[in-house]
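[1] just need the structure, nothing else, for what follows:
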Amino acid sequence: MSKINIYIKTLTACGAVAIMAMGCDKEDDTAKRDNNRIAQVLADNFNLTVMNQVVMRGGLRDRADGDQTMTLFSPSDEAFAKAGYANSSAILTAAYDRVARLARYHMVEGNYEIDKMPFLFNQEIRSLGGKLYVTRWIKNGDTVLTINGSRLLSTAVNASNGKVQVIDRMLEPYVHETIADAIASNKDLTLFNRALQRAGMTELLKGNTPHTVYAPSNQAMTAIGYGTLETIEAADPAVLGELLRYQMVADRRFVNDYILSIGSTNEGRQGMLNNSSVTVTLIPDIQKPGAFTGISLKGIGNTSVTNLVQQDIITGNGVLHITDQVLRITQ
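    Presented below is the predicted three-dimensional model:
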């Protein structure tokens with residue numbers, strides 16, 4: 001055999017070995033590829049398509065596919081639809097900053113087994129985008145888990161780099177660190193905000209102690225005689241202060257906290273900052289027997305119930321609800 005033929009055969013053999021080696025490398029890569037990361041759990045779940053788009057467009061795809069252990073609180077597609085995001089296309093047309101904040105607020109570092117947390121209300125944990133509040137409670141013999149008042153719909157979907165917890169409502173990232181700032185920025189609370197200033201109570205709602213405020217709308221303030229800034233300026237600060245403290249709770253209270261804690265009569269009492277109380281009544285869900293859609297309030301001096309126009313507006317130091325009537329101590 002000529003030297004040339006031997007050389008060609010040698011090259012052919014080496015090439016075959018090289019190709020086989022490359023094939024082995026590809027098989028090894030395929031074997032090593034992890035298809036059970038959080039990113040893949042989202043991509044494979046037909047009910048989490050919007051959250052999948054939020055994570056990708058919000059810049060957290062690498063986190064969801066990375067080695068660091070994470071917990072993702074994922075609203076269902078139905079929950080996103082209720083918040084105004086009907087499908088994943090709505091995320092593509094939303095402002096990038098908004099989507100990025102949504103993504104970060106729903107993702108937490110670490111593997112949070114909230115079903116093993118103590119039976120307490122509003123236990124603080126930290127997401128990549130701010131504070132979250134977890135409640136673990138027992139209602140009618142069932143253990144209920146909530147985050148910022150949003151219920152977990154199912155047990156966790158485990159991933160190789162953490163878990164996905166499906167929830168029934170989109171978590172709204174808070175914009176304001178304090179309730180005082182949230183009130184001051186709301187155009188429908190200008191009269192209530194001025195009353196806080198007149199009574200010298202603004203600093204109270206800027207502090208570290210959590211509060212819940214049931215803030216009457218401008219229309220509600222007008223109905224009891226505080227319809228202009230001038231009438232508020234003319235009011236006795238002490239009288240205003242007593243009235244305002246009757247709209248406040250010295251703790252953090254989401255609507256779902258009442259739904260979980262009030263008994264079978266569907267009516268309870270809430271102590272307010274002025275040491276008086278209001279009646280809290282659960283509003284039944286006519287489409288779901290045994291379930292509730294919200295609450296109404298009634299002060300000692302009210303002749304009709306007070307409804308929540310907006311609820312569960314979270315801030316860094318508490319919760320704000322907007323009401324359609326002022327809670328009154330006297331008629």
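
[2] only C-alpha atoms for contact and neighbour calcs from this point on.
    OK.

[3] how's the chain carved up into domains?
    Here the domain assignment for the chain is 38-167, 179-323, based on automatic domain parsing.

[4] how about the residue nearest in space to the middle of the chain, what does it touch?
    Taking C-alpha atoms, centre = their mean, the centroid of the chain lies closest to residue 171, which sits 2.6 Å from it. Contacts for residue 171 (C-alpha atoms under 8 Å, 6 or more residues apart in numbering) come out as 75, 102, 105-106, 148, 150.

[5] ok so, going back, of the domains of the chain, which is nearest residue 329?
    Of all the domains of the chain, domain 179-323 sits nearest to residue 329, with 4.7 Å by C-alpha to C-alpha.

[6] so how far is the first residue of that closest one from its last?
    End-to-end distance of domain 179-323 (C-alpha to C-alpha, to the nearest Å): 15 Å.

[7] likewise for stretch 157-171?
    Distance across stretch 157-171, first residue to last, is 19 Å (C-alpha to C-alpha).

[8] average pLDDT for it?
    Mean per-residue pLDDT for stretch 157-171: 94.

[9] can you give me the buried ones in it?
    158-171 (16 or more other C-alpha atoms under 10 Å).

[10] lowest-pLDDT helix or strand in this structure?
    The helix or strand with the lowest mean pLDDT-type score in the chain, counting by mean pLDDT, DSSP states H and E, is helix 3-32 (a mean of 46).

[11] after that helix, which helix or strand is next? Please name it.
    helix 38-44 (DSSP states H and E).

[12] send the alpha carbons of that following helix over as CSV?
    What follows is helix 38-44, C-alpha atoms only, in CSV (Å, rounded to 0.1, in the frame of the first residue of the first chain):
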residue,chain,number,x,y,z
ILE,A,38,-38.4,27.8,37.0
ALA,A,39,-38.1,29.2,33.5
GLN,A,40,-39.2,25.8,32.0
VAL,A,41,-42.0,25.4,34.5
LEU,A,42,-43.5,28.7,33.3
ALA,A,43,-43.0,28.0,29.7
ASP,A,44,-44.7,24.6,30.0
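
[13] which element follows it toward the C-terminus?
    helix 49-57.

[14] which elements pack onto that next one?
    Helices and strands touching helix 49-57, by 3 or more C-alpha pairs under 8 Å, 6 or more residues apart in numbering; DSSP states H and E, are helix 38-44, helix 77-82, helix 88-93, helix 96-105.

[15] next, the buried residues of the following helix or strand past it.
    The helix or strand immediately downstream of helix 49-57 is helix 61-64, counting by DSSP H and E. Buried residues in helix 61-64, counted by 16+ other C-alpha under 10 Å: 61, 63-64.

[16] tell me the helix or strand right after helix 61-64.
    Where DSSP H and E defines the elements, the next helix or strand beyond helix 61-64 is strand 70-75.

[17] was I right to think residue 191 contacts residue 224?
    No: Residue 191 is not in contact with residue 224 according to C-alpha atoms under 8 Å; the separation is 11.7 Å.

[18] of those two, who's got more company?
    Taking neighbours as other C-alpha atoms under 10 Å, residue 191 and residue 224 compare with residue 191 leading, 24 against 11.

[19] tell me the SS of the more buried one?
    Secondary structure, DSSP: H, G, I helix; E, B strand; the rest coil: residue 191 is helix.

[20] distance of it relative to residue 199?
    Separation of residue 191 from residue 199 (C-alpha to C-alpha): 12 Å.

[21] low-confidence ranges, the stretch 1-150 of the chain, go.
    Within the stretch 1-150 of the chain, the ranges that satisfy pLDDT under 70 run 1-33.

[22] so can I have CSV of the buried residues of stretch 157-171 showing secondary structure and distance to residue 229?
    Output for these, formatted as CSV (DSSP: H, G, I helix; E, B strand; the rest coil; distance: C-alpha to C-alpha, whole Å):
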residue, secondary structure, distance to residue 229
158, strand, 55
159, strand, 56
160, coil, 58
161, coil, 55
162, strand, 53
163, strand, 51
164, strand, 49
165, strand, 47
166, strand, 46
167, strand, 42
168, coil, 41
169, coil, 37
170, coil, 36
171, coil, 35
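
[23] and which of these is nearest residue 263?
    For these, the residue nearest residue 263 by C-alpha to C-alpha is residue 168; the value is 22.9 Å.

[24] for residue 285, see how far away the closest one is.
    Distance from residue 168 to residue 285, by C-alpha to C-alpha: 16 Å.

[25] ok, residue 72 next?
    In terms of C-alpha to C-alpha, residue 72 sits 29 Å off from residue 285.

[26] more crowded one of these two?
    residue 72 (28 against 12).

[27] and the more buried one, what does it touch?
    By C-alpha under 8 Å, 6+ apart, the contact set of residue 72 is 38, 106-108, 163-165.

[28] switch to 7 Å and redo it
    Shown in contact with residue 72 (C-alpha atoms under 7 Å, 6 or more residues apart in numbering): 106-108, 163-165.

[29] cool, and residue 111?
    For residue 111, the contacting residues are 69-71, 162-163, by C-alpha under 7 Å, 6+ apart.

[30] next, give phi and psi for it.
    Backbone torsions of residue 111, given as degrees, to the nearest 10, read phi -100, psi 90.
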